[in-house]
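Peer 1: Next input, structure requested:
(2 chains)
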Amino acid sequence: MSKNKKNDRDRWSFSESVLTFIPGSKVYGTMRSRQARQGVMFILPFIIGFLVFMLKPMAESVIFSFSSVKLIPGQGYEKTFVAFRNYQNAMGVDPYFNQYLVEEISRMGVNAVATIVMSFVIAVILNQNFKGRTLARAIFFLPVILSSGVLAGIERQNEFYDMMAGMAEAVGQSSGVNISAALQNLLSVSGIGSGVFDVLFQMIDAIYDIVMASGIQIIVFLSGLQAISPSLYEAADVEGCSAWEAFWKITFPMVSPLLLVNTIYTIIDFFMKNDNRVMERINTIMYGQQMDFGMASAMSWIYFGVAILFIGIAAIIINRGVHYYED
Amino acid sequence: MKTDPAATVRVKKRDTKYVIKSNIKKYSISIGRALLLFGLCFMIIQPLLIRFSTSLMVESDLYDSTIVLLPRNVTLDNYRIVGDLTNLPKSLINTLWTSLLVSLCQVVACTLVGYGFARYSFPLKKFWFACVVLLIIVPPQTIQTSLYVQFAAFDIFGIFKALTGAPINLRTSAVPYVLMSLTCMGLKDGLYIYMLRQYFKGIPKSLEEAAYVDGCNTMHTFVKIMLPDALPTIASCFLFSFVWQWTDLFYSRNFLSSYSIYSVQLSSIVSRMSRYFNNGSDAAVVVPNARQQQLIFVGVLICSVPLIILYIFTQRTFVESIAMSGSKE
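Peer 2: Numbers count the residues shown, from 1 in each chain, chains lettered A, B, ... in the order given. Modelled structure (predicted):
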């Protein structure tokens, strides 16, 4: 009943929409159209910005990706239509793009899952009562600042970093200090599916990156956890439910709607990171010697398409298992 | 009801057993939790400590394998060098005022838009909100090529060309970026619109209705009733915006290239090192990798310490407002 009413309020027929903005028309003076005009005034900055700084560049970028662009200093640019050649070049001719794309996407797949699981576990822990909780929360949120923008990728660009990482690996393997490598050996010798373990160890090795990337997600999960009414747990306790059962029957379903939000945030965040090699490659093509705007645009669109695909798949999978709690 | 003494004793016995068992469980859980949390927190803090101690070392300390954490010869020279390399007082001041200006513009625009989406019904509302979501998901890198071209020859519907004979080149000023911030197209603006909309949606409608009944007009209601209520969320959006703008590289490099912005300076610090160390002679000096890394550490510290200090004082605003906007999913 209330839902129908709400829909009525939000429904605008075509003629009504047009007449609302025409002075002197039948509906112009009504409360409803006055309110609508005020609403449009409020979001006007966004409408203008979207049309000028988003839609136009996006359309242009699509056109660029289908043409060969030549920059003429002082005069702008010149473009000729080349159909799909930029896309073919990006996928087939460019020596690095394909490789980076596959690498980054597999890294993202592993890291996204790990980030979600990790942030959920940490949120559950931080939601419990213990001494120093405020401090722990503050520290876990610190990466939002420490791993943003230029701070995220700058140290990776240095060769010394790679060298150090390589050395640490070599030392670890020879002396057995590297615990994950030792465990990995042990487990692969024992013959249990090594593919699964490879992924697992990749996660363990990337744990620093994962914790650094999960600041916002922890807070979002935490807010979801705090919104669960304590009476649910009391009722479960009275009925003889153990803490473990309560976790899976109450905590998890109640927080699950936030899974989607967090997954989308994680994927987007990963795509926009500065240390992302695909983005680096696109930048090189664009501002480097080649200055090939057409190809750079084509690459960006391929990358964006892949991102959307991933978000779509994640949304479908998560929506199937999510329980939406109706107030 | 009749109580059986034997049964009471049995229950008591079971109780003590239960208490011991649950105590063991409780303590082992809290010890495990403390260990895990300590480990993870240490992992977040440790790089900062290492950077700090490395930043104080003399160059020869870097190659001394007996020195791991504590520098033998403490020096502040590295800070001076990095200060020279990154054009220091000027670049930080530039970063400060651009960040303040841009985040102020962003927050003002996003508050208005968020309020409009939360409270009003108008034609195409769903479509425009879908555009906000699109703004969140499309990486700005996707459209950077055409934005680059657009601002090199900026014109709105040919107005400037008609007036002055040529489109204006806006790439050398901060105007394009301020314009973008004012129209919600800056760094992560979609996110702020979303956060503020969620918050405004949670404020009871009766509050505004009461104001309308008492004769307040729209603007008055918005400024006097809604804004004070939303101030914590607005403040946190401002802080986010400020911090992200402070460290941002993408927009700063593309739109603020004519100002020396600290993050841009920092990102190209390595390429300027060899010129700095050869003392004016033409001979190319190869700066050792370890030294490069040390100077990068110093640069990162200079960038992050002001933010960490800011965060220590405003931690509550940061954490709680996300919690508020997130819970009304």
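Peer 1: for chain B, what spans make up the strands?
Peer 2: Using DSSP state E, chain B contains no strands.
Peer 1: domains of it?
Peer 2: Following automatic domain parsing, one finds the domains of chain B at B:5-46, B:84-327.
Peer 1: ok, now chain A?
Peer 2: In terms of domains, chain A is parsed into A:1-58, A:86-147+A:213-321 (source: automatic domain parsing).
Peer 1: closest one to chain B among those domains?
Peer 2: Taking Cβ to the nearest Cβ, domain A:1-58 is the member of the domains of chain A nearest to chain B, at 2.6 Å. Placement of C-beta: from N, CA and C, glycine included.
Peer 1: what about the closest one and chain B, touching?
Peer 2: Yes: counting by Cβ under 8 Å from any Cβ of the partner chain, contacts between domain A:1-58 and chain B involve A:9-10, A:12, A:16-17, A:20, A:32, A:35-43, A:45-50, A:52-54, A:56-58.
Peer 1: now that domain: mean pLDDT?
Peer 2: Confidence over domain A:1-58 (mean pLDDT, whole number) is 80.
Peer 1: chain center to it, what's the gap?
Peer 2: Distance of domain A:1-58 from its chain centroid, counting by Cα atoms, centre = their mean, to the nearest Å, is 31 Å.
Peer 1: Tell me where the model's unsure across the chain.
Peer 2: In the absence of a named chain, chain A is used. Scanning chain A for pLDDT under 70 picks out A:1-8, A:71-77, A:153, A:155-197, A:202, A:274-275, A:290, A:323-327.
Peer 1: could you do chain B instead?
Peer 2: Using pLDDT under 70, chain B drops low at B:1-4, B:145, B:152-172, B:279-284, B:319-329.
Peer 1: residue closest to the middle of it?
Peer 2: The residue lying closest to the centre of chain B (Cα atoms, centre = their mean) is residue B:244, at 3.2 Å.
Peer 1: list the contacts for the nearest residue to residue A:303 once chain neighbours are set aside?
Peer 2: Leaving aside its chain neighbours, residue A:303 sits nearest to residue A:278 (5.5 Å; criterion: Cβ to Cβ, 6 or more residues apart in numbering or on different chains). Listed by Cβ atoms under 8 Å, 6 or more residues apart in numbering or on different chains, the contact partners of residue A:278 are A:97, A:100, A:101, A:104, A:299, A:303.
Peer 1: Which of the residues of domain A:1-58 next to chain B are buried, as a PyMOL select command?
Peer 2: Burial among the residues of domain A:1-58 next to chain B is assessed by 16 or more other Cβ atoms under 10 Å in any protein chain shown; the matching PyMOL selection reads:
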select buried, chain A and resi 12+16+20+35+36+38+39+40+42+43+45+46+47+49+50+52+53+54+57+58
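Peer 1: Filter the residues of domain A:1-58 next to chain B down to just the ones in helices.
Peer 2: Taking DSSP state H, the ones among the residues of domain A:1-58 next to chain B that sit in helices are A:9-10, A:16-17, A:20, A:32, A:35-43, A:45-49, A:56-58.
Peer 1: Residue B:308 is in contact with residue A:142, correct?
Peer 2: Yes: Residue A:142 is within contact range of residue B:308, at 7.5 Å (criterion: Cβ atoms under 8 Å).
Peer 1: neighbour count winner among those two?
Peer 2: Set residue A:142 next to residue B:308 and count neighbours by other Cβ atoms under 10 Å in any protein chain shown: residue A:142 wins out with 23 against 13.
Peer 1: Quick check on the more buried one: phi, psi?
Peer 2: Dihedral angles of residue A:142 (phi, psi; degrees, to the nearest 10) stand at phi -50, psi -40.
Peer 1: do you know how far the closest residue to it other than its chain neighbours is from residue A:258?
Peer 2: Of all residues not flanking residue A:142 in the chain, residue B:44 sits nearest, at 5.9 Å (Cβ to Cβ, 6+ apart). The gap separating residue B:44 from residue A:258 is 23 Å, by Cβ to Cβ, to the nearest Å.
Peer 1: now residue B:228
Peer 2: For residue B:228, the distance to residue A:258 - Cβ to Cβ - is 29 Å.
Peer 1: Looking at those two, which one has more neighbours?
Peer 2: residue A:258 (25 against 9).
Peer 1: The more buried one and residue A:224 touch, don't they?
Peer 2: Yes: contact criterion Cβ under 8 Å: residue A:258 and residue A:224 qualify, at 4.5 Å.
Peer 1: Comparing the domains of chain B, which comes out most buried?
Peer 2: Comparing these by mean neighbour count (mean count of other Cβ atoms under 10 Å in any protein chain shown), domain B:84-327 comes out on top with a mean of 18.
Peer 1: And the helices in the stretch 1-150 of chain A, which stretches?
Peer 2: A:2-10, A:14-20, A:31-49, A:56-65, A:85-88, A:97-126, A:133-141, A:143-146, A:150-153 (DSSP state H, counting those that start in this stretch).
Peer 1: Could you export these as CSV, including distance to residue A:211?
Peer 2: Below are the helices of the stretch 1-150 of chain A laid out as CSV (distance: least, Cβ to Cβ, whole Å):
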stretch, distance to residue A:211
helix A:2-10, 42
helix A:14-20, 49
helix A:31-49, 35
helix A:56-65, 34
helix A:85-88, 37
helix A:97-126, 7
helix A:133-141, 8
helix A:143-146, 7
helix A:150-153, 13
